[in-house]
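In: I need the structure of the sequence given here:
(chains A and B)
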Protein chains: 2
Amino acid sequence: MQIAIQGIPGSFHHQVALNVFGADAGILGFRIFEEVAKSVSKGEAEFGVLAIENSIAGAILPNYELIDRYNLRIKDEYYLPISHNLMALPGREINNLLEVRSHPMALLQCKKFFENHPAIQLIDDVDTASVAKRISEEKLSGIGAIASKTAAKIYDLEILAEDIQTVKNNFTRFIILQKDNVNLDFVPNKASIKVTVKNSKGILAKLLTMMSDYGLDLSKIQSIPVIEKPWEYAFFIDTQFDDYAAFQNAIQEINNNFGEVKIFGEYLNRK
Amino acid sequence: MQIAIQGIPGSFHHQVALNVFGADAGILGFRIFEEVAKSVSKGEAEFGVLAIENSIAGAILPNYELIDRYNLRIKDEYYLPISHNLMALPGREINNLLEVRSHPMALLQCKKFFENHPAIQLIDDVDTASVAKRISEEKLSGIGAIASKTAAKIYDLEILAEDIQTVKNNFTRFIILQKDNVNLDFVPNKASIKVTVKNSKGILAKLLTMMSDYGLDLSKIQSIPVIEKPWEYAFFIDTQFDDYAAFQNAIQEINNNFGEVKIFGEYLNRK
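Out: So this is what the prediction gives:
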């Protein structure tokens, strides 16, 4: 079984692939999200792992756009608690470090920790795991990385401080993608859909009122442009519900009275 | 006057700064958006230019989050038609090129053009202008860049094909940021706001119905998490209106009956 991820071994995507599919699954690592979507849509990878939302900046809209454009299906979701760890070559101590490199978002999330270490320079880099890899390969003794515990293990680095992120309940939501329709041998209580409506006055308010009347939770909604059709607009909606039949009725009513609806996936809420 | 942008000379942000502030303005180029926000909030740059939405992938949510976190004000908006141009060292022809490098989104947008040039390998790079710069500095004769006409001029490259993007009405929306409140010596017809509401059943539908009744356009709405308060949720809304007083009444009603509202800026619709 091949799993497509963005990033190198030790990245957060890799961690999710390990947690969901086990250590035996083959990993196909790509540099950008688009290549992950492509690999799944070509059938090269059986499943793809894609970050879709993080608890600081919210939805990762370009990745919704990829699911849409490559007609992928969401099989499941997975919440990974984001744990940032300071690591360096074995035997080093925090006071030996001249600089720490990581993804700007990771550095931002650990800013408070480094206020107690003002001598260390914080430098933006492309991602978290690749710095760990470089420190290990090039024996960079004055540099630290902020990355996952898996990265420390893979690249033989020593963890100098665990869980140094300021906000402790920081998580990233990932989705598991596949090419074909998901076999519904369970009753879903969550769905990701795209709704395209004609731009008439108040239509969004009417649409949400209808969905809300069916008991659907509507706290995740993102508007997106419809490029070639300036008179239409569209929304990505992630919705939770207790009653699957009510969700299906709402979908029916969108089709009848509001516009087009595309279901990316019906799955189980894992939060 | 100093203008903070993300990117190097010849980037799309640089182009917007030139168009809005003229060739005499000083440009402070930063590697990441966060540093642009920081520079404006410290008063180092008088204004900042930030991409906020593109016509393919929609809103750039992390940049809304920066405006919010650094308490910046939106002074104006600017729509830049995105024109992708193939360029190389002077004297080269398309058939001489072995590879073309650019940002993955730029390559994607020009995919159709390269179907007629199957010998050219397309390679993802960090952005558009920096490839142009590298070709020029390192005299890379077999490589082409996809970038703006300004980049071709700045780095002395020759344009081999103009406007090669598939979708011709492709634009990016930028906002002009400043530190202090904007002096309203005009009547605004557009606003960017953040609304935080208590999570009670159907509240979003009620909120949008109320805003719609005041005649506000609601086609741009993005939900975002409220990290430390799991029972609240928030939305970034960009709204257009004909009647400024009606907008002000709607804001008042949100404050009275729905939750908190933060106004990032009231400005003129430039589309």
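In: Just list whatever residues bridge to the closest residue to A:Asp125 other than its chain neighbours.
Out: Excluding the flanking residues, the one nearest A:Asp125 by C-beta to C-beta, 6 or more residues apart in numbering or on different chains is A:Arg101, at 4.2 Å. Glycine gets a C-beta too; all of them are placed from N, C-alpha and C. When bridges are called by DSSP bridges, A:Arg101 pairs up with A:Ile123, A:Ala145.
In: So A:Arg101 versus B:Asn54, what's the distance?
Out: Counting by C-beta to C-beta, to the nearest Å, the gap from A:Arg101 to B:Asn54 is 29 Å.
In: Residues touching the helix or strand that contains A:Ala245, excluding its own?
Out: Using DSSP states H and E, A:Ala245 falls within helix A:244-257. Contact with helix A:244-257 is made by A:187-189, A:191, A:193, A:195, A:207, A:210-211, A:214-216, A:239, A:241, A:260-261, A:263, A:266, as judged by C-beta atoms under 8 Å, 6 or more residues apart in numbering or on different chains.
In: One more pass at 6 Å, please.
Out: Here helix A:244-257 makes contact (C-beta atoms under 6 Å, 6 or more residues apart in numbering or on different chains) with A:Val187, A:Val195, A:Met211, A:Tyr214, A:Gly215, A:Leu216, A:Phe241, A:Val261.
In: which among the residues you listed end up buried?
Out: A:Val195, A:Met211, A:Tyr214, A:Gly215, A:Leu216, A:Phe241, A:Val261 (16 or more other C-beta atoms under 10 Å in any protein chain shown).
In: ok, those vs B:Asp156, which is closest?
Out: Nearest to B:Asp156 out of the buried ones among the contacts of helix A:244-257 is A:Val195 (C-beta to C-beta; 48.7 Å).
In: Distance of that closest one relative to A:Lys262?
Out: Using C-beta to C-beta, A:Val195 is found at 8 Å from A:Lys262.
In: and what of A:Gly22?
Out: Counting by C-beta to C-beta - A:Gly22 and A:Lys262 are separated by 32 Å.
In: could I get whatever helix or strand A:Thr209 lives in in PDB with only the CA atoms?
Out: Assessed by DSSP H and E, A:Thr209 sits inside helix A:203-213. Taking C-alpha atoms only, helix A:203-213 is exported to PDB below (Å, rounded to 0.1, in the frame of the first residue of the first chain):
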ATOM      1  CA  ILE A 203     -29.300  33.600  -0.900                       C
ATOM      2  CA  LEU A 204     -26.500  32.700   1.500                       C
ATOM      3  CA  ALA A 205     -28.600  33.700   4.600                       C
ATOM      4  CA  LYS A 206     -31.500  31.600   3.200                       C
ATOM      5  CA  LEU A 207     -29.300  28.600   2.500                       C
ATOM      6  CA  LEU A 208     -27.800  28.600   6.000                       C
ATOM      7  CA  THR A 209     -31.200  29.100   7.600                       C
ATOM      8  CA  MET A 210     -32.500  26.100   5.700                       C
ATOM      9  CA  MET A 211     -29.400  24.000   6.700                       C
ATOM     10  CA  SER A 212     -29.600  25.100  10.300                       C
ATOM     11  CA  ASP A 213     -33.300  24.100  10.400                       C
END
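In: how about that helix: buried residues?
Out: Residues A:Ile203, A:Leu204, A:Ala205, A:Lys206, A:Leu207, A:Leu208, A:Thr209, A:Met210, A:Met211, A:Ser212 are the ones in helix A:203-213 that count as buried (16+ other C-beta under 10 Å).
In: show me which of these neighbour chain B.
Out: The overlap between the buried residues of helix A:203-213 and the neighbours of chain B (C-beta under 6 Å from any C-beta of the partner chain) comes to A:Leu204, A:Ala205, A:Leu208, A:Thr209, A:Ser212.
In: Please identify which of the residues you listed is nearest to B:Ile3.
Out: Ranked by distance to B:Ile3 (C-beta to C-beta), these are led by A:Leu204 at 35.6 Å.
In: Specify which residues of chain A, grouped into ranges, have pLDDT under the cut-off.
Out: Low-confidence segments of chain A (pLDDT under 70): A:56-57, A:227-231.
In: What parts of it come near chain B?
Out: Where proximity means C-beta under 6 Å from any C-beta, the interface of chain A facing chain B comprises A:32, A:34, A:55, A:57-58, A:61-62, A:65, A:104, A:124, A:202, A:204-205, A:208-209, A:212, A:218-225, A:227, A:233.
In: Keep only those of those residues that are in strands.
Out: Counted as lying in strands by DSSP state E, out of these, are A:Gly58, A:Asp124, A:Lys220, A:Ile221, A:Gln222, A:Ser223, A:Ile224, A:Tyr233.
In: and the first one, how many neighbours does it have?
Out: For A:Gly58, the number of neighbouring residues by other C-beta atoms under 10 Å in any protein chain shown comes to 21.
In: check contacts around it.
Out: Counting by C-beta under 6 Å, 6+ apart, A:Gly58 makes contact with B:Leu61, B:Ile224, B:Pro225.
In: I'd like these written out as JSON lines, with distance to chain A and neighbour count added.
Out: Shown next, in JSON lines, are those (distance: C-beta to the nearest C-beta, whole Å; neighbours: other C-beta atoms under 10 Å in any protein chain shown):
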{"residue": "B:Leu61", "distance to chain A": "5", "neighbour count": "22"}
{"residue": "B:Ile224", "distance to chain A": "4", "neighbour count": "24"}
{"residue": "B:Pro225", "distance to chain A": "5", "neighbour count": "21"}
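In: Is it possible to get CSV of those that adds distance to B:Phe114?
Out: Listed next are the contacts of A:Gly58 as CSV, based on distance: C-beta to C-beta, whole Å:
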residue, distance to B:Phe114
B:Leu61, 30
B:Ile224, 37
B:Pro225, 39
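In: nearest to B:Ala129, of these?
Out: Using C-beta to C-beta, B:Leu61 comes nearest to B:Ala129 of those, at 23.8 Å.
In: leaving aside the residues next to it on the chain, what's closest to that closest one?
Out: Leaving aside its sequence neighbours, B:Leu61 sits nearest to A:Gly58 (C-beta to C-beta, 6+ apart; 5.1 Å).
In: Give the bridge partners for the one residue in the stretch 1-150 of chain A that gets nearest to chain B, please.
Out: Residue of the stretch 1-150 of chain A nearest chain B, by C-beta to the nearest C-beta: A:Gly58 (3.9 Å). Under DSSP bridges, the beta-bridge partners of A:Gly58 are A:Asn54.
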